[in-house]
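**Q** Let's see this in three dimensions:
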Amino acid sequence: MASYLSQAKDLMQQFTSCKVVHIKRSENRLADALSKLASTSFEHMGKDVRIEIVDVPSVPRRQVLVIQTGATSWMEPIKAYLASGILPEDKAEARKIRHKALWYQMHDEVLFRKSFLGLLLRCVDVEESNYVIREIHEGICGLHTGPRMVIAKIMNAGYYWPGMHGDAVKEIQKCDACQRHAPQTLRPQNHLVLITSAWPFQKWAIDIMGPFPEAPGRVKFLPMEIDYFTKWVEAKPLAHIKSSIN
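**A** Model (predicted):
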């Protein structure tokens, strides 16, 4: 429509005066009837009805040149081998391409990978893979699931690229919602160090709890001692705690 609009503006500049009039739908029945003739059959129409079929659009097609920027896609060597039989000069790389090409096939200049179930998965490059991961993970129907579930949904949707799991992990770690609402782990940051005791009452653990609300006798502190071997507990309430520094 933009091309037709630009062509109409160019034609309007060739006239000395031009006026654009909006036609109401009720007054545009003849044009609607003519537009519907294109989707109807011509066999039942009379010979006096003349219909012209335009195969070429009135707007000239623009010539588009494909320009590739950035790094070469991982699909280009496989496409070149499947389409023209072109292999890299390095013998090791050429052997890898021949081995990988057994799992791929071309259809309308699009590369597909054969899956174990016989389905064809469309191969995508780096930019498309990042978009697919974000759409599956946090899109309209995204559930902010983990990498394994995201990869399973991507393959069920019919997409493939090498290193899918690693790319999914990197993209999911960047998700702001997952970082904010992820469950907190209670695992200690350091390894636990066990303190053993060879016989009873060899080692004691001492701790002072309080101050608590005053109880009868004005006691409000509770020193506790626990034996490491038998787990025997000794506690005695006190009113005051004196500390001495030697």
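**Q** Restricting to C-alpha, output the helix or strand harbouring Ile151 in PDB.
**A** Using DSSP states H and E, the element containing Ile151 is helix 147-157. Only the C-alpha atoms of helix 147-157 are listed here, as PDB (Å, rounded to 0.1, in the frame of the first residue of the first chain):
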ATOM      1  CA  PRO A 147      15.900 -24.600  30.200                       C
ATOM      2  CA  ARG A 148      14.900 -28.200  29.700                       C
ATOM      3  CA  MET A 149      11.200 -27.300  29.400                       C
ATOM      4  CA  VAL A 150      12.000 -24.400  27.100                       C
ATOM      5  CA  ILE A 151      14.100 -26.600  24.800                       C
ATOM      6  CA  ALA A 152      11.400 -29.200  24.700                       C
ATOM      7  CA  LYS A 153       8.800 -26.600  23.600                       C
ATOM      8  CA  ILE A 154      11.200 -25.100  21.000                       C
ATOM      9  CA  MET A 155      11.700 -28.500  19.400                       C
ATOM     10  CA  ASN A 156       8.000 -29.200  19.500                       C
ATOM     11  CA  ALA A 157       7.400 -25.900  17.700                       C
END
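**Q** Show me what it packs onto, helices and strands only.
**A** Counting contacts by 3 or more C-beta pairs under 8 Å, 6 or more residues apart in numbering; DSSP states H and E, helix 147-157 is packed against helix 126-138, helix 164-173. For the C-beta atoms, the positions are set from N, CA and C on the backbone; glycine is no exception.
**Q** Please identify the most buried of the ones you listed.
**A** Highest mean neighbour count among these (mean count of other C-beta atoms under 10 Å): helix 126-138, with a mean of 18.
**Q** Tell me, how many residues neighbour the residue nearest to Met164 when sequence neighbours are not counted?
**A** Nearest residue to Met164, sequence neighbours excluded (C-beta to C-beta, 6 or more residues apart in numbering): Ile151, at 5.2 Å. Around Ile151 there are 20 other residues, counting by other C-beta atoms under 10 Å.
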